[in-house]
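>>> got a predicted structure plus its sequence, pasted below:
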Amino acid sequence: QVQLVESGGGLVQPGGSLRLSCAASTGIIRFYTMSWYRQAPGKQRELVASTATTSNPNYADSVKGRFTISRDNAKNTIYLQMNSLKPEDTAVYYCNAASPGGLYSIWGQGIQVTVSS
């Protein structure tokens, strides 16, 4: 069974940076659309960024120009570089792998990111 494990979260001051990692237990990232979602307290889970195998990355308007999603197929890992962090970026961040056509969707356990002074 494929597993996704997130790391790199934590507490950071406004304006700071963090890099999240999502390591897959198999080489699925070569074939799947890989995405980062987040869920703040009392809010619905929202798409932050995604990277498909054959298209450019896609970002939520709220993070464009600040966040960058990337993938390292050799390491079976995707990353989310988050710069110029704001308090409203505080949330649990989830990694997701979606198969072509969306038949399979795999979630990581989530990792907390807190932006606060």
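All right, it came through fine.

>>> is the nearest residue to residue 93 once chain neighbours are set aside in a bridge, and if so with what?
Excluding the flanking residues, the one nearest residue 93 by Cβ to Cβ, 6 or more residues apart in numbering is residue 38, at 4.8 Å. For every residue, glycine as well, the C-beta is placed using N, CA and C. Beta bridges link residue 38 to residue 46, residue 93, judged by DSSP bridges.

>>> next, count neighbours for residue 38.
Residues near residue 38, counting by other Cβ atoms under 10 Å, number 24.

>>> shouldn't it be in contact with residue 92?
Yes. Counting by Cβ atoms under 8 Å, residue 38 does reach residue 92; the two are 6.6 Å apart.

>>> name the residues contacting each of those two.
residue 113 (Cβ atoms under 8 Å, 6 or more residues apart in numbering).

>>> who's in contact with the spatially closest residue to residue 1 that is not a sequence neighbour?
Spatial nearest neighbour of residue 1, chain neighbours left out: residue 25 (8.0 Å); criterion: Cβ to Cβ, 6+ apart. By Cβ under 8 Å, 6+ apart, the contact set of residue 25 is 1-5, 76.

>>> sketch out the low-pLDDT regions of this protein for me.
Along the chain, segments meeting pLDDT under 70 are nowhere present.

>>> which residues does the most centrally placed residue in the chain contact?
Among the residues of the chain, residue 36 comes closest to the average C-alpha position under Cα atoms, centre = their mean, at 2.6 Å. The contact partners of residue 36, taken as Cβ under 8 Å, 6+ apart, are 20, 22, 47-50, 69, 78, 80, 93-96.

>>> buried ones only from those, please, as a ChimeraX command.
Provided next is the ChimeraX selection string for whichever of those are buried by 16 or more other Cβ atoms under 10 Å:
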select :20,22,48,49,50,69,78,80,93,94,95,96
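
>>> quick one: stretch 33-40 to chain centroid distance?
Relative to its chain's centre, stretch 33-40 lies at 5 Å (Cα atoms, centre = their mean, to the nearest Å).

>>> scratch that, stretch 110-117 is what I was asking about
Centroid separation between stretch 110-117 and its chain, computed with Cα atoms, centre = their mean, is 13 Å.
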